[in-house]
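1. Got a sequence here, can you build the structure:
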Amino acid sequence: MAEIGTLAEAIGDLVGDGDVVALEGFTHLIPTAAGQEIIRQGRRDLTLVRMTPDIVYDQLIGAGCARKLVFSWGGNPGVGSLHRFRDAVQNSWPVPLEIEEHSHAGMANRYVAGASGLPFAVLRGYVGTDLPSVTTTIKPITCPFTGEELTAVPALNPDVAIVHAQRADRNGNVQLWGLLGVQKEAVLAARRSLVTVEEIVDELSPVPGAIVLPSWAVTRVAEVPGGAHPSYAQGYSERDNAYYAAWDPISRDRDEFGRWLEQVKEAAA
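-> Next up, the predicted model:
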């Protein structure tokens, strides 16, 4: 059964230097508070995995937490580039950043393979692209039944998967709904998992389209109201568009970012 505790305790126990860490969420339910707690605890040499890294990964990269990024798209949604990400790739600041780029379909299938206990996934999506020439984890494979040339990608099994959800019950069963990404697959593929939630309730009531992550599949649950901010949590909060816009000038300037970073480090989880 999932253990319920604080965010700081969960990050301290689950995330170590050098780990492969996936913080997943698509447009909403992005676990920003958990990412900032990783910054506060000073984790280093992480391999960050995410289908669509946005500002929380910009923050982690700028704070020097990451040595590698595995992803399929990156940007400040609706605004522009991730400038801490760009600075790390182009100028090795604050530390060099290795990148491994895939397609959305490739990343999703890698999580599914990991969750299924399979060594790799097979798909057509890379045929005709130049990604196989720059990404060593994309390999050609021939179908043994038809002879069709396809591509294979290795399973993703993060050391830790972190997601945000609307609620959990006191036994650690997690319920999330709305626009979803690969949260379920990431949690099932990972060796350890943390779910931050808006609230912990006595009983989960049915919600149309909701999925439940059972307690046995989750390592830790932490109650963190607003833990997805500035993204939204359907039924609990709206997207803070002003925050995304304000992040652009902060992330463009190393000194401005440094001042932001000090504020985060001083804040209580």
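
2. Show me where this structure has its strands.
-> Secondary structure of the chain (DSSP state E): strands at 3-5, 20-23, 46-50, 66-71, 98-101, 120-123, 139-142, 149-154, 160-169, 174-176, 192-201, 211-213, 220-223.

3. most packed of these?
-> Mean neighbour count (mean count of other C-beta atoms under 10 Å) peaks for strand 160-169 among those, with a mean of 27. (C-beta placed from N, C-alpha, C; glycine too.)

4. Check which helices and strands that strand sits against.
-> strand 20-23, helix 32-40, strand 174-176, helix 183-189, strand 192-201 (3 or more C-beta pairs under 8 Å, 6 or more residues apart in numbering; DSSP states H and E).

5. change it to 7 Å
-> strand 20-23, strand 174-176, helix 183-189, strand 192-201 (3 or more C-beta pairs under 7 Å, 6 or more residues apart in numbering; DSSP states H and E).

6. now for those, which one comes closest to Glu262?
-> strand 20-23 (22.2 Å; C-beta to C-beta).

7. Count residues in the vicinity of Glu37, would you?
-> Using other C-beta atoms under 10 Å, the number of residues around Glu37 comes to 27.

8. measure it to Leu194 for me?
-> Here the criterion is C-beta to C-beta, to the nearest Å. By it, Glu37 lies 10 Å from Leu194.

9. And for Leu118?
-> Counting by C-beta to C-beta - Leu118 and Leu194 are separated by 24 Å.

10. Out of the helices and strands packed on strand 160-169, which is closest to Leu150?
-> helix 183-189 (20.6 Å).

11. looking at it, Arg220 is touching Ala8, isn't it?
-> No - contact status for Arg220 versus Ala8: not in contact, 11.4 Å apart, counting by C-beta atoms under 7 Å.

12. what separates Gln90 from Tyr243, distance-wise?
-> 25 Å.

13. So the two - more neighbours on which side?
-> Counted by other C-beta under 10 Å, Gln90 and Tyr243 do not tie: Tyr243 has more neighbours, with 13 against 9.
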